[in-house]
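J.: coords please:
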Amino acid sequence: MAMSTNPDDVQHFPNFDSRLSSWLPSRHGSASVWAAGNWSSVRTSDVEWRCLHVEGTEFGIETRGSGADCFVLVPGIGMSPRYFVPLARELAATATVHALHLPGFGAARRPLQALPIRETGRLAAQALQQLHTGRFIVVGHSMGCLIGVEMALADPTAVRSLVLLGPPINSRERTIRIQRRRLIQDTFREPPKVAWTAAGDYLRCGRRWYYANAAHMIGYRLEERLPLIEAPIVLVRGEHDPIAPRSWLAELAAAGEAAAVSEVPDEAHAAMYRSPAAVARHCLDLAARS
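T.: The predicted structure is shown next:
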């Protein structure tokens, strides 16, 4: 997308470059900052960070690669796209990859109140329209799966297919208390880097904001929304994922006729971090079929 350099078109979003600075890896060195219309941009050697406003709600988008296939990575509750980096790099070798900072998470400014899953998905789909991405494959993780589903329902002509990694919420365990316990169990099965990244991201978003969004996540019925999607879907879980058990994925596959199920051996909930090549194969195989 072309960037305007006309001063009359420029609108700097409050503290965008300072908020984003903590996400810029030091090895990239200096970065150039642009702003135009309803978006702002920071570019480094191999990543472009954009800030977009849709109906007053802010999204951050990290872009890598320039291939014909386009993947949109949607992180889980409380998370920035940092834990997606290994997968993003794997996919960016042959494709264009956009990773989202959801409202109130990562570098994106917090809206006045937590948004329902359907509303976040609708606004996220509009944010991607601003980038003129064309058709894309959604790769959602955890709560990002739910938002990805709503993106597909809001803009079915744009979403080619979906890869849903560790989709919540198990229909037999729809309480905050049980999900908190499952998250703790999963923490001990993840690489230390993932646990530290999650801890830092959760601290940044704050306890109140986390639980305000968790209420929307717990109330969402994925098994009712998934069958409404006509695009191909692959459901993926780590072999040892306590949050998305095998029985739950089987239930989802039975509900959505277009859904296939796969498993990443020896992995937990964030399977894409330690096994990016295995997860990328599912993404690229689906891209070839959709």
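J.: Centre of the chain to stretch 264-276, how far?
T.: Put simply, stretch 264-276 sits 16 Å off its chain's centre (C-alpha atoms, centre = their mean, to the nearest Å).
J.: for stretch 212-230, that is, sorry about that
T.: 15 Å.
J.: buried ones in it?
T.: Neighbour-count burial for stretch 212-230, counted by 16 or more other C-beta atoms under 10 Å, picks out A212, N213, A214, H216, M217, I218, Y220, L222, E223, R225, L226, I229. In this view, the C-beta of every residue, glycine as well, is placed from N, C-alpha and C.
J.: Stretch 52-59 too?
T.: L52, H53, V54, T57, E58, F59.
J.: which residues are in contact with it?
T.: For stretch 52-59, the external contacting residues (C-beta atoms under 8 Å, 6 or more residues apart in numbering) are 13, 38-39, 51, 60-61, 100-103, 108-109, 111, 115, 123-124, 126-127, 130-131.
J.: Keep only those of the buried residues of stretch 52-59 that are in strands.
T.: Among those, DSSP state E puts L52, H53, V54, T57, E58, F59 in strands.
J.: Just the CA atoms of stretch 128-141, as CSV, please.
T.: Provided in CSV are the C-alpha atoms of stretch 128-141 (Å, rounded to 0.1, in the frame of the first residue of the first chain):
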residue,chain,number,x,y,z
LEU,A,128,-7.4,-6.1,6.8
GLN,A,129,-9.5,-4.4,4.1
GLN,A,130,-7.6,-1.2,4.8
LEU,A,131,-4.4,-3.0,3.8
HIS,A,132,-5.9,-4.2,0.6
THR,A,133,-4.6,-7.7,1.3
GLY,A,134,-7.0,-9.4,-1.1
ARG,A,135,-8.0,-13.0,0.0
PHE,A,136,-6.1,-14.5,2.9
ILE,A,137,-5.8,-17.5,5.2
VAL,A,138,-6.6,-16.9,8.8
VAL,A,139,-4.3,-18.6,11.4
GLY,A,140,-5.8,-18.2,14.8
HIS,A,141,-4.5,-19.4,18.1
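J.: picking that back up, show me the two of the buried residues of stretch 52-59 that sit farthest apart.
T.: Farthest pair in these (C-beta to C-beta) is L52 and T57. Separation: 9.2 Å.
J.: Surely S161 is in a strand?
T.: Yes: assessed by DSSP: H, G, I helix; E, B strand; the rest coil, S161 belongs to a strand.
J.: residues contacting it?
T.: Per C-beta under 8 Å, 6+ apart, neighbours of S161: I137, V138, A231, P232, I233, V234, L286, A287, R289, S290.
J.: Identify the residue nearest it in space, chain neighbours excluded?
T.: Spatial nearest neighbour of S161, excluding adjacent residues (C-beta to C-beta, 6 or more residues apart in numbering): S290 at 3.8 Å.
J.: Pull the number of nearby residues for that neighbour.
T.: Using other C-beta atoms under 10 Å, S290 has 16 neighbouring residues.
J.: And for A68?
T.: The burial count for A68: 9, using other C-beta under 10 Å.
J.: just to revisit the earlier point, what is the nearest of the buried residues of stretch 212-230 to E251?
T.: Of those, the one sitting nearest to E251 (C-beta to C-beta) turns out to be E223, at 6.2 Å.
J.: Quick check, pLDDT for that closest one.
T.: Note on E223: pLDDT of 95.
J.: can you pull out the strands in this structure?
T.: Counting by DSSP E, the strands of the chain are 32-36, 39-43, 48-54, 57-64, 70-74, 96-101, 136-141, 159-165, 233-238, 259-264.
J.: Taking their axis directions, the fourth one and strand 96-101 sit at what angle?
T.: Translated: strand 57-64. 140 degrees (axes from the mean of the first three to the mean of the last three C-alpha atoms, to 10 degrees).
J.: CA atoms of strand 57-64 as PDB?
T.: C-alpha atoms of strand 57-64 as PDB (Å, rounded to 0.1, in the frame of the first residue of the first chain):
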ATOM      1  CA  THR A  57     -10.700   0.900  17.600                       C
ATOM      2  CA  GLU A  58      -6.900   0.400  17.200                       C
ATOM      3  CA  PHE A  59      -5.200  -2.600  15.700                       C
ATOM      4  CA  GLY A  60      -1.500  -3.200  15.300                       C
ATOM      5  CA  ILE A  61      -0.300  -5.200  12.300                       C
ATOM      6  CA  GLU A  62       3.200  -6.700  11.800                       C
ATOM      7  CA  THR A  63       4.000  -7.600   8.200                       C
ATOM      8  CA  ARG A  64       6.700 -10.000   7.000                       C
END
